[in-house]
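Undergrad: have a look at this prediction, sequence included:
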Amino acid sequence: MERYISLSRAARLVGTTRTELQQRIQNGELQTFEGQLEMSELLRAYPDAQVEDNTMIERVERIMAEAVHKLPDDDTLPDARALHLRLGHLGQELAEAKASLCRYSWIIDEMSRLLDEAVEQGDTDLRALRDRFHRLLDDPSACPDFPKAAIARDRVLSVLEAHVRLLPSGHDYFVQGNESLLEAALKAGLAVDYGCSNGACGKCRARVVSGQVRQLRPHDHVFSEAEKLDGMILTCSYTPLTDVVLETAEAHGSADIPLQHIDARVRRFAMIDEHIGRLQLRTPRSRRLRFLAGQYAILKGSDRQGAAYSIASCPCDDMNLEFHVDMRLDTPLTRQLRDKPPATLHLEAPRGDFVLHDESEHSIIFVAWEAGFAPVKSLVEHAMQLEKAEDIHLFWAAPEGGHYLDNQCRAWDDALDNLYYHRLMAEAPSELDLRAFEVVETGLADHDLYVSGPEDFCERVTAHFTARGLPTAQVRCEPLRQGTTED
């Protein structure tokens, strides 16, 4: 009995990415049925996959976790109830497989008897077929090698983590341990609707189409009896017990996320190098900042003078926000940080549309000048979470000593086969040698370009790529935001 698995689980099983599988499907190397892959076909395409040895996969995941600054989660195993239910489903699946095996065995025995009777009665036309049939039964090596190890590993994965598919988008992700459906979706880089994250506002409502879920924590939002019967839940308060299909809303662009006003605590401010400081803010648990990677915030101190700074962290960690502050500039914020970092800062966010192209699976080119790396860092981490881009090229240009997070970029390059870091040197934006971009000047129609830096730098880089065939609709630029004032 053939087994079908989702692209996400198939990618984990053989240690590759969804993007590579999708590319092989587009090239006709792999066939799908209702969006899923046959296990045996997957193993034929990846004959060298070590499905029982996931050391390398774990190493890559560890490096990625460190590179993206994920907080380690000790509670990675499902609870007893989820394990019991998933093992029950596994037992039912095993019983069905055994029943199918018995049925097929009976069919084989019956066919063998009928062929033998036909040959004994003088039907010579069936003799060759009968002999071929018996040879297949007697010689196991004549049959395809069915991927027992892969099936076993897939079954273990299905017990340890639940697979969630979202409608109508078709996005999917995995939930480990006792994570809520919302927490796991954000970690996967998905822009699902939510508000307070503590069950009060009801903005993370979703309908369970199939599968079973369990309530993790009580919530104040009240559903009507009709909504309960329809399967409505809050994703911040529930975790899946089995694989689940949910119907829920998602943001498809910056216009889908409202402006929020939040007082955030200053967790830490420290210099990364002699010029750039890392400002880390923490929002209240009930007032997390919902934003898209690449957007910016207006930061206001006690004097309520606002200044714009790009958010340098990933939306997957919406309580802990990071900003890169150029301390060479004289702004209200730099003056406060030099004197004594304030206890809190007021956030007005998110703003801007320097975000990933919705649903694009193009390869990505990121170009940043010095502190313009901040929003690019957020976009890179988000692209890593989504695993949609075939290739990611990161060009970071700065004067000598200006690549203040160079080691982190190298970690990304080491951890990911499809991410390439290019460290460019120039004393000024106008002096950058654009020949450095020649490594990505073929097939530009299949690329998206994101440029962050001074306006003249963005214009120069954009003109370079569009002159070589990159469509202007696939370009997004972000001016350097380092304390620029806004209303």
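TA: Cool, got the structure. Nothing here was measured: the structure is a model prediction, and the numbers come from that model. Numbering: from 1, shown residues only.
Undergrad: who's in contact with Val380?
TA: Phe366, Ile392, Leu394, Trp412, Leu419 (C-beta atoms under 8 Å, 6 or more residues apart in numbering). C-beta: built from backbone N, CA, C; applies to glycine.
Undergrad: and the two most separated of the residues you listed?
TA: Greatest spacing in the contacts of Val380, by C-beta to C-beta: Phe366 and Trp412 (10.9 Å).
Undergrad: between the two, tell me which one has more neighbours.
TA: In this view Phe366 and Trp412 are compared by other C-beta atoms under 10 Å, and Phe366 has more residues nearby, 24 against 21.
Undergrad: the more buried one - that's part of a strand, no?
TA: Yes - judged by DSSP: H, G, I helix; E, B strand; the rest coil, Phe366 forms part of a strand.
Undergrad: isn't it up against Ile392?
TA: Yes - using C-beta atoms under 8 Å, Phe366 is in contact with Ile392, at 7.1 Å.
Undergrad: next up, phi/psi of Ala473, please.
TA: phi -70, psi -10 (degrees, to the nearest 10).
Undergrad: what's the burial count for it?
TA: For Ala473, using other C-beta under 10 Å, the count is 8.
Undergrad: elements contacting whichever helix in the chain runs longest?
TA: With DSSP state H setting the assignment, residue counts place helix 80-120 as the longest helix in the chain. Where contact means 3 or more C-beta pairs under 8 Å, 6 or more residues apart in numbering; DSSP states H and E, helix 80-120 is packed against helix 127-138, helix 148-160.
Undergrad: weakest of these in terms of mean pLDDT?
TA: Lowest mean pLDDT within the helices and strands packed on helix 80-120: helix 148-160, a mean of 60.
Undergrad: any figure for the gap between the nearest residue to Asn320 once chain neighbours are set aside and Leu190?
TA: Residue nearest to Asn320 in three dimensions, not counting chain neighbours: Arg282, with 5.7 Å by C-beta to C-beta, 6 or more residues apart in numbering. In this view, Arg282 and Leu190 are 23 Å apart by C-beta to C-beta, to the nearest Å.
Undergrad: Gln121 too?
TA: As for Gln121, its distance to Leu190 is 65 Å (criterion: C-beta to C-beta).
Undergrad: neighbour count winner among the two?
TA: Leu190 (22 against 8).
Undergrad: before we move on, back to that, any chance of JSON lines for the contacts of Val380, columns distance to Arg288?
TA: As requested, the contacts of Val380 are exported to JSON lines (distance: C-beta to C-beta, whole Å):
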{"residue": "Phe366", "distance to Arg288": "26"}
{"residue": "Ile392", "distance to Arg288": "27"}
{"residue": "Leu394", "distance to Arg288": "28"}
{"residue": "Trp412", "distance to Arg288": "26"}
{"residue": "Leu419", "distance to Arg288": "28"}
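Undergrad: of those, closest to Ser180?
TA: Trp412 (27.8 Å).
Undergrad: what's the helix or strand harbouring the closest one packed up against?
TA: Using DSSP states H and E, Trp412 sits in helix 406-415. With contacts taken as 3+ C-beta pairs under 8 Å, 6+ apart, helix 406-415 sits against helix 55-67, helix 373-386, strand 392-398, strand 419-425.
Undergrad: and those, which one is worst for confidence?
TA: Across these, the lowest-scoring stretch is helix 55-67, with a mean of 51.
Undergrad: would you map the helices across this structure?
TA: 7-14, 18-26, 39-45, 55-67, 80-120, 127-138, 148-160, 181-187, 225-229, 332-339, 373-386, 406-415, 455-466.
Undergrad: for Cys236, which of those is the nearest?
TA: Nearest of the helices of the chain to Cys236, taken as C-beta to C-beta: helix 181-187 at 4.4 Å.
Undergrad: so how far is the closest one off the chain centroid?
TA: Relative to its parent chain, helix 181-187 has a centroid offset of 10 Å by C-alpha atoms, centre = their mean, to the nearest Å.
Undergrad: mind listing residues that contact that helix?
TA: Residues contacting helix 181-187 (C-beta under 8 Å, 6+ apart): 70, 164, 166, 173-176, 179, 192, 194, 197, 204, 206, 213, 233, 235-236, 238-240, 244, 246, 315-318, 385.
Undergrad: take those and keep only those in strands.
TA: 164, 166, 173-176, 206, 213, 233, 238-240, 244, 246 (DSSP state E).
Undergrad: Ser40: which of these is nearest?
TA: Closest to Ser40, out of all of the ones in strands among the contacts of helix 181-187 and judged by C-beta to C-beta, is Phe174, at 23.0 Å.
Undergrad: what's the distance between the closest one and Arg304?
TA: According to C-beta to C-beta, Phe174 stands 43 Å off from Arg304.
Undergrad: also Ser6?
TA: 50 Å.
Undergrad: neighbour count: these two, which is higher?
TA: Ser6 (17 against 8).
Undergrad: was I right to think that one contacts His163?
TA: Yes - in this structure Ser6 lies within contact range of His163 using C-beta under 8 Å: 6.1 Å.
Undergrad: pull up the overlap in contacts between the two.
TA: Asp172.
Undergrad: Asp456: neighbouring residues, count only.
TA: Neighbours of Asp456 (other C-beta under 10 Å): 10.
Undergrad: is it true that it touches Ala428?
TA: No - if you go by C-beta under 8 Å, Asp456 and Ala428 don't touch, sitting 10.1 Å apart.
Undergrad: what about the stretch 351-487 of the chain, any weak spots by pLDDT?
TA: 484-487 (pLDDT under 70).
Undergrad: related to what we said a few turns ago, what do Phe366 and Trp412 both touch?
TA: Common neighbours of Phe366 and Trp412 (C-beta under 8 Å, 6+ apart) are Val380, Leu394.
Undergrad: closest one of the contacts of Val380 to His464?
TA: Checking the contacts of Val380 against His464 by C-beta to C-beta gives Phe366 as the nearest, at 14.6 Å.
Undergrad: what's across from the closest one in the sheet?
TA: Leu394, Tyr450 (DSSP bridges).
Undergrad: might you report the residue contacts of it?
TA: For Phe366, the contacting residues are Val376, Leu379, Val380, Ile392, His393, Leu394, Phe395, Tyr450, by C-beta under 8 Å, 6+ apart.
Undergrad: can we see that at 10 Å?
TA: Contact analysis of Phe366 by C-beta atoms under 10 Å, 6 or more residues apart in numbering lists 373, 375-377, 379-380, 383, 392-396, 419, 421-422, 448-452.
Undergrad: any idea how far it lies from Pro78?
TA: Taking C-beta to C-beta, one finds Phe366 at 37 Å from Pro78.
Undergrad: buried ones in the lengthiest strand in the chain?
TA: Longest strand in the chain, counting residues (DSSP E): strand 260-271. Judged by neighbour count using 16 or more other C-beta atoms under 10 Å, the buried positions of strand 260-271 are Gln260, Ile262, Ala264, Val266, Phe269.
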